[in-house]
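**Student:** requesting a structural model of the entry that follows:
(one chain, ligands or ions: 3)
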Amino acid sequence: MFEVVIGLEVHVQLNTKTKLFCSCPTSFNHKQNTNTCPTCLALPGALPVLNKEVLHKSVMFGTAIDATINQVSYFDRKSYFYPDSPSAYQITQLYTPVVEHGELEIDLEDGTQKTIRINRAHIEADAGKNIHDGDISKVDLNRAGTPLLEIVSEPDMRNADEAVAYLKKLHSIIRYLDIGDANMQEGSFRVDVNVSIRPKGDEKLYTRVEIKNINSFKFIQKAIEVEVIRQSEAWEDGVYDDEIVQETRLFDQVKQETRSMRGKEEAADYRYFPEPDLLKAVVTDEMLEKYSKIPELPDAKKERFVEEFGLSLYNASVITSSVEMAQFFEDMMAEGISGKNGATWLTVELQARMKGDVNITNTPVDAKTLATVVKRIEDKTISGKAAKEVLDFLMENDGGDVDATIEKLGLKQVTDMGAIEAMCDEIISANPEKVEQYKGGKEKLFGFFVGQVMKASKGSANPQAVNEVLKAKLG
Ligand code: ADP
Ligand code: MG
Ligand code: ZN
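**Tutor:** Ligands and ions are numbered 1, 2, ... in the order given. Below you'll find the predicted structure:
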């Protein structure tokens, strides 16, 4: 039997205003090659100066994963030739990274937790982008010199589910700390997956394959699964040593297979050495003090939602999995509605009407409005069914005022007992035979009377009140 071993490297683009070593803006939707200067173009004589904001965000991250923060860290030069890197080297941190020895807790399917160790998180500069356009290739250097935090896990994950759970947790922490957009499609959260197998019980690490550039959790899951099959089949067929070599592979989404991109023999010789153009990076005591005060993280928030609002653990994890959703829920709670109702209307009713759009901030119905809908059920102004109509209307009409909508759609529940009694009397006197039959023991007819009254009120009567009045009148 085999055991799967997975270690992950994640490149997170930090959302600083300016680049890592120069004052060029970090926004990418500008005209190509406009956010550049002698430093990020690596013109001779230009010198890098460290952007302090990068250290601040690194301290926040290190705090979030309970890591050691090296108050003094250093930069190193990693040489490689590639058209999108004008300097022909990358500035990174090899020997002394800013963050070391952290950990992150993941939730497993069976409800238990597992700790994944994080070896390090280091600062490095991003490259530009090659744009391939038919026969010609172009280079856009707007991204060159953008700050990255590379987060390297220990090989602690044992299957694709654990790897994805780790990545989702990491992703949500980045979003909670607001140190990066972590948008996988746009490349601000890039994952390299290292996979190997070994006989169960064996402690040593076997040959790892690195799969690069997979831009969704779903594809990462699949890539690991197919790569594990490839490796174990090679083992069973007795060709493991020939076929499984340390190399970089790509995941082909269409063919659902991994494919060799570059092998060991082509592996770059990075010729690392300490970066001579930069001073050591210093996290001062004041910086440490200030930036280790981080916002509440997903796990803490989840526990608080269970305690404070009486949510189920399941609902609490769904809601806290995204920082926007958690904020939306807290804003709903500020309106004084029940936690359980709030959770249902957010995770079931509102989400169902968002048609697969996962970004809660895109809805035309804001937290206060949704909470008001719930409040009108709680104070019996409208029935739950009517509330759904109100929400439908608000979603289709770009939001609006809840009470005005209830008024407009005529959904106000009649709880005026006088009015309900009058309607019941009317139905009873209009159906003398049915009343006879009911009194003679045909109890099923009770539903008929309720239905008739509700119909007469066009659904606006409070059904509970109708039930009570009819029970009293029919005996
Ligand atoms: P590099 O920077 O050359 O990719 P590292 O030593 O930094 O190499 O390791 C990169 C990642 O690979 C780490 O996340 C580590 O946990 C993981 N890793 C190392 N060995 C293995 C292995 N045998 N199987 C799976 N993952 C591994
Ligand atoms: Mg690697
Ligand atoms: Zn620049």
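
**Student:** enumerate every residue touching the closest residue to residue 275 other than its chain neighbours.
**Tutor:** With C-beta to C-beta, 6 or more residues apart in numbering as the criterion, residue 275 has its nearest non-adjacent residue at 4.0 Å, and that residue is residue 75. All C-beta atoms are positioned from the backbone trio N, CA, C, and that covers glycine. With contacts defined as C-beta atoms under 8 Å, 6 or more residues apart in numbering, residue 75 is in contact with 91, 92, 93, 123, 274, 275, 278, 281.

**Student:** isn't the fourth one right up against residue 147?
**Tutor:** So the one you mean is residue 123. Yes: the criterion here is C-beta atoms under 8 Å, and residue 123 meets it with residue 147 at 6.5 Å.

**Student:** where do the contact lists of those two overlap?
**Tutor:** Taking C-beta under 8 Å, 6+ apart as the criterion, residue 123 and residue 147 both touch 20, 54.

**Student:** ok, the closest residue to ligand 3 within the stretch 301-450 of the chain - how many residues close by?
**Tutor:** For the stretch 301-450 of the chain and ligand 3, the shortest gap (C-beta to the ion) falls at residue 323, measuring 30.3 Å. Taking other C-beta atoms under 10 Å as the neighbour definition, residue 323 ends up with a count of 21.

**Student:** any idea how far residue 300 is from it?
**Tutor:** According to C-beta to C-beta, to the nearest Å, residue 323 and residue 300 sit 13 Å apart.

**Student:** identify the contacts common to the two.
**Tutor:** Counting by C-beta under 8 Å, 6+ apart, residue 323 and residue 300 have no shared contacts at all.

**Student:** so what's residue 168 closest to, chain neighbours aside?
**Tutor:** Ranked by C-beta to C-beta, 6+ apart and with sequence neighbours excluded, the top spatial neighbour of residue 168 is residue 217, at 6.5 Å.

**Student:** how many neighbours does the one you found have?
**Tutor:** As a burial measure, residue 217 scores 17 neighbours (other C-beta under 10 Å).

**Student:** all helices for the stretch 251-400 of the chain, in order.
**Tutor:** Listed from the start of the chain, the stretch 251-400 of the chain has helices (DSSP state H, counting those that start in this stretch) covering 285-291, 298-309, 313-320, 323-333, 339-344, 351-352, 367-378, 384-396.

**Student:** got TSV for those, with distance to residue 203 and mean pLDDT too?
**Tutor:** Formatted as TSV, these follow (distance: least, C-beta to C-beta, whole Å; pLDDT from 0 to 100):
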stretch	distance to residue 203	mean pLDDT
helix 285-291	37	98
helix 298-309	30	96
helix 313-320	33	92
helix 323-333	39	96
helix 339-344	45	97
helix 351-352	45	91
helix 367-378	51	96
helix 384-396	56	94
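
**Student:** of all the ones you listed, which one is nearest residue 431?
**Tutor:** Using C-beta to C-beta as the measure, helix 384-396 is the one of the helices of the stretch 251-400 of the chain that comes nearest residue 431, at 24.9 Å.

**Student:** the residue of the chain found nearest ligand 1: which element?
**Tutor:** Nearest to ligand 1, among the residues of the chain, is residue 7, at 2.3 Å (C-beta to the nearest ligand atom). Residue 7 is part of strand 2-13, with elements assigned from DSSP states H and E.

**Student:** give me phi/psi at whichever residue of the stretch 251-400 of the chain sits closest to ligand 3?
**Tutor:** When distances are taken as C-beta to the ion, the stretch 251-400 of the chain reaches nearest to ligand 3 at residue 277, 14.4 Å away. Dihedral pair for residue 277: phi -90, psi 0, per degrees, to the nearest 10.

**Student:** tell me the pLDDT at it?
**Tutor:** According to the prediction, residue 277 has pLDDT 96.

**Student:** around ligand 1, which positions in the stretch 351-475 of the chain sit nearby?
**Tutor:** For the stretch 351-475 of the chain, no residues are found near ligand 1 under the criterion C-beta under 6 Å from any ligand atom.
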